[in-house]
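1. When you get a sec, could you give me coordinates for this:
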Amino acid sequence: MANSASGMHVSDECKLRFLELKAKRTYRFIVFKIDEKAQQVKIEKLGNPEETYDDFTSSIPEDECRYAVYDFDFTTEDNCQKSKIFFIAWSPDTSRVRSKMLYASSKDRFKREMDGIQVELQATDPSEMSIDIIKARAL
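-> Residues are numbered from 1 along each chain as shown. From the prediction side, this is the model:
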């Protein structure tokens, strides 16, 4: 049973799918949702490798908190192909206060379970996680 100090339990499926995204690049992104009744973090959506950043942002609800990881491919100034795994904590101003508190208190535990996150982004508005910000943080 989870308590607010330690955060929500992260399901084994979350860990497994994250490893597949990281090691095998099976997914472009994963959207996670806290299931309050089950007291754990679960997967809401898996994005196929060919999906775009727009597909990713459209799969995050406008007024509900979520965690997400996104595998961002980019080219450096030296013309090297690279990728970075972003962790995005989505907590819109319009979401319920209880939900914001739940996601905030569980974030650190969730990140510890997802070993391999390279860049963290906290967003309360879509402009705070635009593709331009992702590109700037990746380089």
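2. separation between the residue of the chain most remote from its centre and Leu139?
-> Most distant residue from the mean C-alpha position of the chain: Asp78, 28.2 Å away (CA atoms, centre = their mean). Using CB to CB, to the nearest Å, we find Asp78 at a distance of 11 Å from Leu139. For every residue, glycine as well, the C-beta is placed using N, CA and C.
3. what about the lengthiest helix in the chain, distance to the chain center?
-> Secondary structure of the chain per DSSP state H: the longest helix is helix 97-113. Taking the mean of its C-alpha atoms, helix 97-113 sits 12 Å from the chain's own mean (CA atoms, centre = their mean, to the nearest Å).
4. Return the list of helices and strands in contact with the very next helix or strand once past that helix.
-> Following helix 97-113 in sequence order, the next helix or strand is strand 119-123 (DSSP states H and E). Packed against strand 119-123 by the contact rule (3 or more CB pairs under 8 Å, 6 or more residues apart in numbering; DSSP states H and E) you find strand 81-90, helix 131-138.
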